[in-house]
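Colleague: fold the stuff below for me.
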Amino acid sequence: MPNRIILNNVSYHGKGAIQAIPDEVKARGFKKAFVCSDPDLVKFNVTKKVTDLLDANNLEYVIYSNIKPNPTIENVQTGVEEFKKSGADYIISVGGGSSMDTAKAIGIIINNPEFADVRSLEGCAPTKNPTVPTIAVATTAGTAAEVTINYVITDVEKERKFVCVDPNDMAIIAISDPDMMATMPKGLTAATGMDALTHAIEGYTTKAAWDMTDMFHLKAIELIAQSLRGAVNGEDKGREGMALAQYIAGMGFSNVGLGIVHSMAHPLGALYDTPHGVANAIILPTVMEYNAEYTGEKYKHIAKAFGVENVDTMTQEEYRKAAVEAVKKLSQDVGIPQNLKEIVKEKDLDFLAISAFNDVCTGGNPKDTSVEEIKELYKSLI
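Modeller: Reported below is the predicted structural model:
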């Protein structure tokens, strides 16, 4: 089966990239935007940076902000009804994964009404039509939702998250503007940055990885190693590096999948509302150790991308350990908790392990796993 790469039609990068939005809207003949953005971004005037541009160019829009940090089926259903009433003909998603994932599901259902039952979108749903034309504006440097074909929705009733993988959900235009990320607090910058690192490392080691995606992922790891500490400290260079790094990681993992770090993180978000980036960051080193013997020489290149010295003189065991330690050190430096003791309840371990094993990301893990082995990985972190 041939390898496949799916990317945005157009993407804009760097400071001031949002200035391209009005010209793109006019050139494409769009009339009214359905702006999907979470309530905090609206409250703190981050979304306003985009709507001010629309106002200045006499471009119509309506704002939809019934979006939770881990977006729910209800958020999508309400959004679909609001879109139908709005008279909009395109979407602008402004935010991180929550806003963009909600927008993807809304846009897909609008143009594929036979999938109105949001649960029917789980996995690789056979949708026929592309989503409502979407401009995706990132406000976090982590999820890369603006360039991926994936989105995640929380089923509150069943206490689970489900992953949707659909080439038809891709935004036609992606905007990665570090100025839109400047208001992120330190904790969110750290969590989303470690999410991006998890994307890069899991994408690099997944079963479907190949030369082109390896190129993306290694560059993303290098940029994150160089930039995340500075971004957390509010440095412009660090934020610019992370804005680019997370997008590059998305270019890769969207096309080859992930592994059990994400499988294990998803039920933590569904059950405890744990921030996705924090869950990934805590779990990543443990799963790297678990997968190490199934990754060939890839940990050598991860260690090099982190700037570890004398990697070429190391034994396989040494460079694998060096790669894991470099990830742990970065996580510690940016203030991520080092275990799940404050999150996971032992009574939930069976439920978490079964949920993680059944997650769509599990199949991409370099090492085949089991419910019991995943349970042991959780236990080792509490």
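
Colleague: can you tell me the closest non-neighbouring residue to the most centrally placed residue in the chain?
Modeller: Among the residues of the chain, the one closest to the centroid is T143, at 2.4 Å (C-alpha atoms, centre = their mean). Once flanking residues are discounted, T143 sits nearest to G97: 3.5 Å by C-beta to C-beta, 6 or more residues apart in numbering. Bear in mind the C-beta positions are built from the backbone N, C-alpha and C, glycine included.

Colleague: for E346, same thing?
Modeller: Excluding its sequence neighbours, the residue lying closest to E346 (C-beta to C-beta, 6+ apart) is I382, at 6.8 Å.

Colleague: how is the protein carved up into domains?
Modeller: 10-180, 186-381 (the TED database).

Colleague: a markdown table please, covering these and showing mean pLDDT.
Modeller: Output for these, formatted as a markdown table (pLDDT from 0 to 100):
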| stretch | mean pLDDT |
| --- | --- |
| domain 10-180 | 96 |
| domain 186-381 | 96 |
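
Colleague: distance of E373 from V287?
Modeller: Shown here: E373 relative to V287, a distance of 11 Å by C-beta to C-beta, to the nearest Å.

Colleague: now swap in I172 and tell me
Modeller: Here I172 is placed at a distance of 34 Å from V287 (C-beta to C-beta).

Colleague: ok, those two, which is more surrounded?
Modeller: Applying other C-beta atoms under 10 Å to I172 and V287 shows that V287 carries more neighbours, namely 28 against 19.

Colleague: got the contact list for I92?
Modeller: Contacts here follow C-beta atoms under 8 Å, 6 or more residues apart in numbering; on that basis I92 touches I21, A33, F34, V35, C36, V50, Y61, T134, I135, A136, V137.

Colleague: among these, which are in helices?
Modeller: I21, V50 (DSSP state H).

Colleague: most neighbours, which of the contacts of I92?
Modeller: Scoring these on neighbours with other C-beta under 10 Å, the highest-scoring entry is C36 at 32 neighbours.

Colleague: for E24, what are its contacts?
Modeller: For E24, the contact set (C-beta under 8 Å, 6+ apart) comprises V10, I135, I173.

Colleague: what strand or helix carries Y299?
Modeller: For Y299, the host element (DSSP states H and E) is helix 298-305.

Colleague: tell me the one among the contacts of E24 nearest to M314.
Modeller: Checking those against M314 with C-beta to C-beta, the nearest one is V10 at 42.5 Å.

Colleague: surely the closest one and I173 touch.
Modeller: Yes: at 5.0 Å, V10 and I173 qualify as touching, with contact defined as C-beta atoms under 8 Å.

Colleague: strands of the stretch 101-250 of the chain, residue ranges please.
Modeller: Here the stretch 101-250 of the chain has its strands, by DSSP state E, counting those that start in this stretch, at 134-138, 150-155, 160-165, 173-176.

Colleague: now render those strands as TSV, adding distance to L188.
Modeller: Output for the strands of the stretch 101-250 of the chain, formatted as TSV (distance: least, C-beta to C-beta, whole Å):
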stretch	distance to L188
strand 134-138	13
strand 150-155	18
strand 160-165	19
strand 173-176	17
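
Colleague: tell me the contacts of the residue nearest to T47 when sequence neighbours are not counted?
Modeller: Using C-beta to C-beta, 6+ apart and skipping the chain neighbours, the partner closest in space to T47 is S37 (4.2 Å). Contact analysis of S37 by C-beta under 8 Å, 6+ apart lists V46, T47, I63, Y64, S65, I67, S93, V94, G95, S99.

Colleague: likewise for Q338?
Modeller: The contact partners of Q338, by C-beta under 8 Å, 6+ apart, come to I282, K328, S331, Q332.

Colleague: for E373, which non-adjacent residue is closest in space?
Modeller: Of all residues not flanking E373 in the chain, Y290 sits nearest, at 7.9 Å (C-beta to C-beta, 6+ apart).

Colleague: got the phi and psi for V10?
Modeller: V10 adopts backbone torsions of phi -140, psi 140, taken as degrees, to the nearest 10.

Colleague: ditto for T313
Modeller: Torsion angles, degrees, to the nearest 10, at T313: phi -90, psi 0.

Colleague: G230 touches K237, doesn't it?
Modeller: Yes: using C-beta under 8 Å, G230 is in contact with K237, at 5.9 Å.

Colleague: the two: who's more crowded?
Modeller: Neighbour tally, G230 and K237, criterion other C-beta under 10 Å: the higher count belongs to G230, 17 against 12.

Colleague: let me see the ranges of the helices in the stretch 101-250 of the chain.
Modeller: Assigned by DSSP state H, counting those that start in this stretch, the helices in the stretch 101-250 of the chain fall at 186-205, 211-232, 236-256.

Colleague: looking at those, which is closest to F351?
Modeller: That would be helix 186-205 among the helices of the stretch 101-250 of the chain, by C-beta to C-beta, at 22.5 Å.

Colleague: the closest one vs helix 236-256, what angle?
Modeller: In terms of direction (axes from the mean of the first three to the mean of the last three C-alpha atoms, to 10 degrees), helix 186-205 departs from helix 236-256 by 40 degrees.

Colleague: ok so, going back, for R4, which of the domains of the chain is the nearest?
Modeller: Comparison of the domains of the chain against R4 by C-beta to C-beta identifies domain 186-381 as nearest, at 6.2 Å.

Colleague: gap between the two ends of the closest one?
Modeller: End-to-end distance for domain 186-381: 24 Å, by C-alpha to C-alpha, to the nearest Å.

Colleague: show me which positions of stretch 119-127 end up buried.
Modeller: Neighbour-count burial for stretch 119-127 flags L121, E122, A125, T127 (criterion: 16 or more other C-beta atoms under 10 Å).

Colleague: quickly name whichever of the contacts of S37 is closest to I153.
Modeller: I67 (11.3 Å).
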